[in-house]
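Q: Fold the following and give me the result.
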Amino acid sequence: MITKAYEYLNKDRLHHIDMLETLNRGIGEVVYADDGGVVLLNTGYTYMISTESEETLEKICAMIKRPELIAMHQARLVPLLQEKYRYRHTMECLQCAYLPDEKLDEKLPEGLELRELTPDNTEFVIKNYDHLSDEKYIIERIEAGMIGAFCGDEIAGFIGTHAEGTIGMLQVVPEFRRRGIAYTLEAAMINRMLEKNWVPHAHIVTTNSASVRLQEKVGMVFSGETVTWMYDE
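A: Here you go, the predicted model:
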């Protein structure tokens, strides 16, 4: 099935870069693959689905119980999934990827330096990250490799990756904003992924225009289609 999955996903590589990287990084498995679509199980609880066919989607839904998380790659089919599973939340995202091999400049303003975060920084991340306060998940992401911008012992900002492999969790403390720190943090994370021969990629909420501009500034390119996350919490 994995050969069939690659054949399908590579027909639109940019739109499926998250699914391709799931396979390339060994953080997921193929659940279903044929000429009409592909389903991956990523990190044990996220089902990543791509199909243009309502018939294929019905077949997929018959195979899997109600997933904790779905990343659906065709927006027009989201209502069919929602009708079946009745999730409390949906979040439509733009998908982007950094495709060059060249590393980016990680230069920070004078007096700041980049360092890895440690579990001792968990409370700070929870307090300052706007979108998630799950302590277990935050510790997991810190241990997976979060990067901090430090001014002495003070954290000016941080960035990490989500469990499915996307770059995210980017936050700059208000008093340190407008100094290029967000760019440097993202550049640093991109560079670390390039060192592992990974394709850096991210999901950006469609309404987050500031983040879209940042992705464009670091050289990310966007897919013409969106990915919709569906979940309860």
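
Q: And the residue lying closest to L108 once chain neighbours are set aside, how close does it get to P109?
A: Of all residues not flanking L108 in the chain, T184 sits nearest, at 5.2 Å (CB to CB, 6 or more residues apart in numbering). C-beta coordinates here come from the backbone N, C-alpha and C atoms, glycine included. To P109, T184 is 9 Å away according to CB to CB, to the nearest Å.

Q: Counting neighbours, go ahead and name the busier of the two.
A: The residue with the greater number of neighbours, taking T184 and P109 and applying other CB atoms under 10 Å, is T184; the counts read 24 against 13.

Q: got the contact list for that one?
A: Residues in contact with T184 (CB atoms under 8 Å, 6 or more residues apart in numbering) are D105, E106, K107, L108, L114, A149.

Q: what about the closest residue to G152 other than its chain neighbours, which SS state?
A: In space, and not counting its chain neighbours, G152 is closest to G111: 8.0 Å by CB to CB, 6+ apart. In three-state terms, and counting by DSSP: H, G, I helix; E, B strand; the rest coil, G111 is coil.

Q: Test my guess that G111 contacts F150.
A: No - counting by CB atoms under 8 Å, F150 is not a contact partner of G111; they are 9.6 Å apart.

Q: can you give me the strands for the chain?
A: Listed in chain order, the strands of the chain (DSSP state E) span 28-34, 37-42, 46-51, 69-72, 89-97, 113-116, 147-151, 154-161, 167-172, 201-205, 221-231.

Q: could these go into TSV alongside mean pLDDT?
A: Formatted as TSV, the strands of the chain follow (pLDDT from 0 to 100):
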stretch	mean pLDDT
strand 28-34	97
strand 37-42	97
strand 46-51	98
strand 69-72	98
strand 89-97	98
strand 113-116	97
strand 147-151	97
strand 154-161	97
strand 167-172	97
strand 201-205	98
strand 221-231	97
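
Q: With distance to K136 and mean neighbour count as extra columns, can I get those strands in a markdown table?
A: What follows is the strands of the chain, written out as a markdown table (distance: least, CB to CB, whole Å; neighbours: other CB atoms under 10 Å):
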| stretch | distance to K136 | mean neighbour count |
| --- | --- | --- |
| strand 28-34 | 20 | 18 |
| strand 37-42 | 18 | 24 |
| strand 46-51 | 16 | 24 |
| strand 69-72 | 15 | 23 |
| strand 89-97 | 20 | 18 |
| strand 113-116 | 19 | 12 |
| strand 147-151 | 20 | 21 |
| strand 154-161 | 14 | 22 |
| strand 167-172 | 15 | 21 |
| strand 201-205 | 21 | 22 |
| strand 221-231 | 16 | 18 |
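
Q: quick one, which of these is nearest to H131?
A: When these are ranked by proximity to H131, the top entry is strand 167-172, at 8.0 Å, counting by CB to CB.

Q: ok, residues contacting that closest one?
A: Residues contacting strand 167-172 (CB under 8 Å, 6+ apart): 125, 128-130, 132, 141, 146, 149, 156-162, 181-182, 185-186, 189-190, 193, 200-203, 211.

Q: what sits against I190?
A: Taking CB under 8 Å, 6+ apart as the definition of contact, the neighbours of I190 are Y98, K103, L104, I167, P200, V218.

Q: Weed out the non-buried ones from the residues you listed.
A: By the neighbour-count criterion of 16 or more other CB atoms under 10 Å, the contacts of I190 include these buried positions: Y98, L104, I167, P200, V218.
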